[in-house]
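*Asks:* quick one, fold the following:
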Amino acid sequence: TALSAYDILTRHPWAANLILAVAEVTPARLRYMDGILGTLRQAGFSESQTDHGYHALESHIMGFTLWEVNMNVGSADDLKALAAGFLEHLPVDEYPWVAEHVHQHLKPRRADDEGEFAFGLDLILDGLERMRSASQAGNGPSSKTGRSRAARSGSEKISGAAKRTSKRTSNRQAKGRRST
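*Replies:* So this is what the prediction gives:
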């Protein structure tokens, strides 16, 4: 499963890099891949949906694990010191959301918070379930992109937010050039 793969890879940080660097696919890797692919097919996903689902899951497992093991900042006290030093030099008026995000990392987590990996995994699994349900109901994903109308709409919202952020940044930079 995704959680057990993540658990193993975080306990053995060198393993994710090794898995991705191996030129030959080992029998263990084939069993792992076949297990995920078979689970998706047996759950009613089409071949195309299984392809997308497998790669979304695998990207999350490997990508998140590589990110986490390479971002090891030490203890909670080390993280607080690192964050304090970072915030000292961060122009908060230019990057208010980054500052807020750093502060969020310093807050205690709720007891029921399973962490970022589980959160991302839940998002992927919920999206796969919606895609499968829509496909079975005849409201399937677009054949070109493999994404439902709802997913495209969400992407458009994200794209719009990115454009607004980019425009604010450009305006701030222009304002800074005028004042110099």
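*Asks:* helices along the protein, start to end?
*Replies:* With DSSP state H, the ranges of helices along the chain come out as 2-11, 14-21, 27-42, 47-70, 76-89, 96-106, 116-136, 149-179.
*Asks:* where are the low-confidence patches of the protein?
*Replies:* 139-180 (pLDDT under 70).
*Asks:* and for I8, the neighbour number?
*Replies:* When neighbours are defined as other CB atoms under 10 Å, I8 has 12 of them. All C-beta spots, glycine's among them, are computed from the backbone N, C-alpha and C.
*Asks:* before we move on, what about G38?
*Replies:* Residues lying near G38 (other CB under 10 Å) number 11.
*Asks:* how near is it to R31?
*Replies:* Remark: distance between G38 and R31 (CB to CB, to the nearest Å) = 10 Å.
*Asks:* same check, this time on E58
*Replies:* Separation of E58 from R31 (CB to CB) stands at 14 Å.
*Asks:* the more surrounded of these two?
*Replies:* With neighbours defined as other CB under 10 Å, E58 and R31 compare such that E58 has more, 15 against 9.
*Asks:* so the more buried one sits right up against I36, yeah?
*Replies:* Yes: with contact defined as CB atoms under 8 Å, E58 counts as touching I36 (7.4 Å).
*Asks:* distance of A118 from I124?
*Replies:* 11 Å.
*Asks:* cool, R132 as well?
*Replies:* On the measure of CB to CB, R132 and I124 end up 13 Å apart.
*Asks:* who's more crowded, those two?
*Replies:* R132 (20 against 16).
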